[in-house]
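Visitor: generate coordinates for the sequence data below:
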Amino acid sequence: MHNKVLLSLITVMALSLAACGGAESTKPSVDDKSVGAAGADAAGGVSGKPLDAKAQADLLKKRRVYFAFDSSSVDDENRAIVEAHASYLAANKGVKVVLEGHADERGTREYNLALGERRAQAVERMVKLLGVSADRIKVVSYGEEKPVANDHNEAAWALNRRVEILY
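Guide: Below is the predicted model:
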């Protein structure tokens with residue numbers, strides 16, 4: 001009899017803990033690594049500072065966001081590019097965008113496809129935080145399949161670690 005009560009008590013406690021364990025997963029994730037310690041704003045690392053017209057136009061000419069090795073974090077320099085495109089998209093509601101994630105040749109094909117997708121999703125999260133609806137954004141990953149540089153050195157690899165912003 002004592003064992004049944006103890007077993008029931010343990011079962012209830014285990015179920016209670018299991019029910020509480022899933023509550024954390026409902027938090028929205030801004031980015032696993034995209035917000036650095038330097039200058040993360042309340043909007044998930046997106047500054048939201050207005051740009052003058054010339055600076056905006058210069059940034060809109062840039063259609064590639066580059067990444068560090070094995071990273072899906074958008075650094076400050078590339079963050080400005082993403083913000084400019086998000087601002088353009090927010091002002092032009094009829095425009096849709098495709099974000100193509102790419103990786104360099106190092107790593108397996110499967111790993112690089114996943115890394116390219118994480119990179120494109122990092123840019124997507126930033127664009128959505130700045131007011132662009134998800135139905136206007138398409139994320140695609142090509143991994144290492146579409147390099148822009150075919151050499152086998154750091155300079156070429158750096159050019160291939162990118163997200164292409166296509167309208």
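
Visitor: surely Gly94 is in a strand?
Guide: No: Gly94 sits outside any strand when classified using DSSP: H, G, I helix; E, B strand; the rest coil, being coil.

Visitor: give me the pLDDT value at it.
Guide: Confidence at Gly94, expressed as pLDDT, is 97.

Visitor: against Asp70, how distant is Glu105?
Guide: Computed as CB to CB, to the nearest Å, the Glu105 to Asp70 distance reads 13 Å. In this view, the C-beta of every residue, glycine as well, is placed from N, C-alpha and C.

Visitor: okay, the two: which has more neighbours?
Guide: It is Glu105, of Glu105 and Asp70, that has more neighbours when counted by other CB atoms under 10 Å, with 15 against 12.

Visitor: in this structure that one contacts Glu145, no?
Guide: No: under the contact definition of CB atoms under 8 Å, Glu105 does not touch Glu145, with a separation of 9.8 Å.

Visitor: how many residues are close by Leu115?
Guide: Considering only other CB under 10 Å, Leu115 is surrounded by 23 other residues.

Visitor: what segments of the protein are helices?
Guide: Counting by DSSP state H, the chain has these helices, from start to end: 2-21, 53-60, 76-91, 109-129, 154-160.

Visitor: tell me the most buried of those?
Guide: Ranked by mean neighbour count under mean count of other CB atoms under 10 Å, those are led by helix 109-129, which reaches a mean of 21.

Visitor: kindly calculate the angle that that helix makes with helix 76-91.
Guide: 60 degrees (axes from the mean of the first three to the mean of the last three CA atoms, to 10 degrees).

Visitor: average model confidence for helix 109-129?
Guide: Helix 109-129 shows a mean pLDDT of 99 in the predicted model.

Visitor: I am finished for the moment; much appreciated.
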